[in-house]
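**Student:** quick one: sequence plus predicted model below, questions after.
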Amino acid sequence: MHVETAKPTILCMFSGGLDSVGVLHQLLTAPEYAGFDIHVHHMHLLNREERAEAEGHAVTALYKAFREETGRHFTTTANVMEYRFMERDFIFDMDLAAFMSANIVRTMPGITKVAMGRTKTDITDAKANFHQRMERARRLFEELLSLEKGPLPERIFPVLPFTKAEIFEMLPESIRKHAWSCRTPIYFDDEPPGPCGKCHTCEDLKAMREALPS
């Protein structure tokens, strides 16, 4: 797909979780990104966690809320990746984001930056191999673009200065309420999927909401 644009473009890899919601909010509201077009890409990841449908509902609601709240135009694309056959483990999201973002850059001229969701909390509370996985994703992104002409787009992390709690607090309620992080969603026959309220990410969001200034 080729998109002609008069401005340089930032590609935002968007899961619908709190980190990527914070990234898109920054891209659409912070003055340093006002001179860029914004293109948002969501990956429907069909794995054994069965979160894709719930995340898809959240992403649709978030796009609507962002347009209404910020008044800024942005374009969107999506793709589906199915790997339910991986029963014991599955592909790291950051590897998939690196792979897909590099291939989007190859086919969409004008992208000068690729925005990813990394937070201060990710760094300070990182597991033993988190930094190694980040470095692997960077190398994957660069290797996939190694045969392309011209400079590589810059990978940026707009919410890296903020903790997850600070991101949650900065978001308008119209956007914050749609951020999806539940690991084990509940599905209903006649209603949109809902969070389980019990997994660690649901507990984290509950704590963040309770800590909001009254």
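**Tutor:** Sure thing, it's come through.
**Student:** helix or strand for residue 134, which one?
**Tutor:** Counting by DSSP states H and E, the element that carries residue 134 is helix 130-144.
**Student:** can you give me the buried ones in that helix?
**Tutor:** The neighbour-count check on helix 130-144 (16 or more other Cβ atoms under 10 Å) flags 134, 137, 140-141, 144 as buried. Just so you know, the C-beta spots here come from the backbone N, C-alpha and C atoms, and that holds for glycine as well.
**Student:** state the mean pLDDT of that helix.
**Tutor:** In this model, helix 130-144 has a mean pLDDT of 94.
**Student:** neighbouring contacts of it?
**Tutor:** Here helix 130-144 makes contact (Cβ atoms under 8 Å, 6 or more residues apart in numbering) with 92, 94-95, 97-99, 101-103, 106, 114, 118, 122, 152, 155.
**Student:** circling back: could you single out the nearest of the buried residues of helix 130-144 to residue 191?
**Tutor:** residue 137 (35.9 Å; Cβ to Cβ).
**Student:** for the lengthiest helix in the chain, packing partners?
**Tutor:** Longest helix in the chain, counting residues (DSSP state H): helix 52-70. Secondary-structure packing of helix 52-70 (3 or more Cβ pairs under 8 Å, 6 or more residues apart in numbering; DSSP states H and E): helix 18-29, strand 37-46, helix 173-176.
**Student:** angle of the longest one against strand 37-46?
**Tutor:** Between the axes of helix 18-29 and strand 37-46, defined by axes from the mean of the first three to the mean of the last three Cα atoms, to 10 degrees, the angle is 160 degrees.
**Student:** how far is helix 18-29 from where the chain is centred?
**Tutor:** 8 Å (Cα atoms, centre = their mean, to the nearest Å).
**Student:** ditto for the last one
**Tutor:** Mean C-alpha position of helix 173-176 versus that of the full chain (Cα atoms, centre = their mean) differs by 16 Å.
**Student:** could you report the distance from residue 152 to residue 91?
**Tutor:** 23 Å (Cβ to Cβ, to the nearest Å).
**Student:** need the contact partners of the helix or strand bottoming out on mean pLDDT in the chain.
**Tutor:** Here the helix or strand of the chain ranked lowest by mean pLDDT, DSSP states H and E is helix 120-124, holding a mean of 90. Residues from elsewhere that reach helix 120-124, judged by Cβ under 8 Å, 6+ apart: 19, 130, 160-166.
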